[in-house]
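Student: compute the structure for the input listed below.
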Amino acid sequence: MEPTNVFVLGLDDANLEALREVPRADEYRFHPLLSIAELQHGEIPIVELLDKAQAQLEAFAADEGRIDAIVGFWDFPVSSMVPILCRRFGLPGADLEAIVKCEHKYWSRLEQRKAIDALPRFAVVDLEGDPKPPADLRYPMWLKPVKGFSSELAFQLEDDDQFASAAAEIREGIGRVGGPFQWVLDQLDLPPEIADVSGTSCLAEEALTGNQVATEGYVHNGRIEVYGVLDSLTYPGSSVFLRHQYPSQLPAEVTQRLRELSERVIAQIGLDNATFSIEFFHDPATGDINLLEINPRHSQSHAMLFADVDGAPNHQAMLNLALGRDPQLPHRQGRYGIAAKWYHRRFSDGIVRRVPTSEEIERIQRDIPGVALHPVPEQGQRLSEMDAQDSYSFELTDVVVGARDVAELEDRYERAIAALQYDIEDIEDVGDIEDTEEGNR
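Tutor: As a prediction, this is how the structure comes out:
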């Protein structure tokens, strides 16, 4: 039988490893389509990237055979390129407008408001001239581009001085993503309330309180399925992610409400034949739930958590949908009762003089069951020059841990990071506005 040819935008080693964990993985041939460096580093020439990807696909079709699926699990521009390329090659995929409704933070808020009340107050901010905080919003508030990723240029603000400082910093860097995102917007017939909101505009909204939690799901031929609820724990005194853990430890009645809210907003947006992940805040003191953002893709950060607990990575849903199939995900058939992806971070800038060796990583993984380590910086790299970091912290190691329970999960993580050997030369910290909001890739 001929293998199924799946082209993956921005395929890296960690995700290739996860893809090889899906059921019947030997039936697939996974082909890299453009590199992460091309897709995420520096400026984003989206038209050139689409043309280059199309040329690679056409060359394969001419020389080797059939293209069965085009997929991706990264944020913009991958999230927008996948539906465009699928349409060009006549493959199953989501509608570009529905994807953009999720990704455009202001448009998404307008759609969410039609379906649910669990939202903060928000307003659009034009960075031209001398932008001011919206008069009807209260501090603390967030200011962030209408399209960004990995918390780049997202700031929590306490007063007008911080608003002005953040607006100036955002204006300097917003074009990297906002420019190519505007090109995507130009491909759509936009409603009047969005047509005048450029890709280099910002969203301001009042800060939410509580603990962060996420749902993951998919839509197949109009049927919405929420297949998982995860907890997103933060570092003490910060809203920077410490770990994502699955399954959620929240009471069943709370997770059911999260599922219902997810289904309502996804139905309103009209997303179909796609995976999604939605981030919420849950306040345990009041029981309030508020929606933070909708991602029109599953989280690659959660892939091995689902593999550890349910028996297959969430990439399986992406693959099956891309092939026009029902995802049919397993449930609680994995090796562990709980799993987490931890973000081992440093909160000040520095130059990395030494990273753990591959031999050291292998030894730690051998000595501590259920642990997988992925160092992020390279030797000689300045932390603040790494791509896709939030505004005030820097990832050193991604640590995936599977365990029987939370206590064993925490013990295995602490033992693993204690064994890691980094040498980082301190340099003066960058930035002076504290905190950041999102960190889930």
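
Student: pretty sure R87 sits against L96.
Tutor: Yes: the criterion here is CB atoms under 8 Å, and R87 meets it with L96 at 7.3 Å. For glycine as for every other residue, the C-beta is placed from the backbone atoms N, C-alpha and C.

Student: quick check: which ranges of the stretch 251-400 of the chain have low pLDDT?
Tutor: 388-391 (pLDDT under 70).

Student: and with 80 instead?
Tutor: 387-392 (pLDDT under 80).

Student: just the strands in it please.
Tutor: Along the stretch 251-400 of the chain, the stretches classed as strands by DSSP state E, counting those that start in this stretch are 274-282, 289-295, 338-346, 350-354, 371-375, 394-403.

Student: could those strands go into TSV alongside distance to D159 and mean neighbour count?
Tutor: Formatted as TSV, the strands of the stretch 251-400 of the chain follow (distance: least, CB to CB, whole Å; neighbours: other CB atoms under 10 Å):
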stretch	distance to D159	mean neighbour count
strand 274-282	22	24
strand 289-295	23	21
strand 338-346	27	23
strand 350-354	30	17
strand 371-375	38	20
strand 394-403	26	23
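
Student: reformat those as a markdown table; add distance to I174.
Tutor: A markdown table is the format used below for those (distance: least, CB to CB, whole Å):
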| stretch | distance to I174 |
| --- | --- |
| strand 274-282 | 22 |
| strand 289-295 | 17 |
| strand 338-346 | 25 |
| strand 350-354 | 27 |
| strand 371-375 | 30 |
| strand 394-403 | 21 |
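
Student: quick one: which of R87 and L96 has more around it?
Tutor: Shown here are R87 and L96; by other CB atoms under 10 Å, L96 has more neighbours (19 against 13).

Student: which residues does that one contact?
Tutor: L96 makes contact with 80, 83-84, 87, 184, 187-188, according to CB atoms under 8 Å, 6 or more residues apart in numbering.

Student: can you select the buried ones among these for me in PyMOL?
Tutor: In PyMOL syntax, the buried subset of those is picked out as below (16 or more other CB atoms under 10 Å):
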select buried, resi 80+83+84+184
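
Student: would you confirm that L208 contacts T286?
Tutor: No: assessed by CB under 8 Å, L208 is found out of contact with T286, at 11.9 Å.

Student: to R113, which of the strands of the stretch 251-400 of the chain lies closest?
Tutor: strand 289-295 (10.0 Å; CB to CB).

Student: the inter-axis angle of that closest one versus strand 274-282?
Tutor: Strand 289-295 runs at 150 degrees relative to strand 274-282, counting by axes from the mean of the first three to the mean of the last three CA atoms, to 10 degrees.

Student: what packs against strand 289-295?
Tutor: If contacts are counted by 3 or more CB pairs under 8 Å, 6 or more residues apart in numbering; DSSP states H and E, strand 289-295 sits against helix 96-103, helix 105-115, helix 252-269, strand 274-282.

Student: what helices and strands are in contact with the last one?
Tutor: With contacts defined as 3+ CB pairs under 8 Å, 6+ apart, strand 274-282 has these neighbours: helix 96-103, strand 211-220, helix 252-269, strand 289-295, helix 315-322.

Student: using PDB, write out every CA atom in it.
Tutor: The C-alpha atoms that make up strand 274-282 are tabulated as PDB, following Å, rounded to 0.1, in the frame of the first residue of the first chain:
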ATOM      1  CA  ALA A 274     -10.100  22.000  12.400                       C
ATOM      2  CA  THR A 275      -8.700  21.600  15.900                       C
ATOM      3  CA  PHE A 276      -8.900  24.300  18.500                       C
ATOM      4  CA  SER A 277      -7.600  25.300  21.900                       C
ATOM      5  CA  ILE A 278      -9.300  27.900  24.100                       C
ATOM      6  CA  GLU A 279      -7.800  29.600  27.200                       C
ATOM      7  CA  PHE A 280      -9.900  30.600  30.100                       C
ATOM      8  CA  PHE A 281      -9.600  32.100  33.600                       C
ATOM      9  CA  HIS A 282     -11.400  30.400  36.400                       C
END
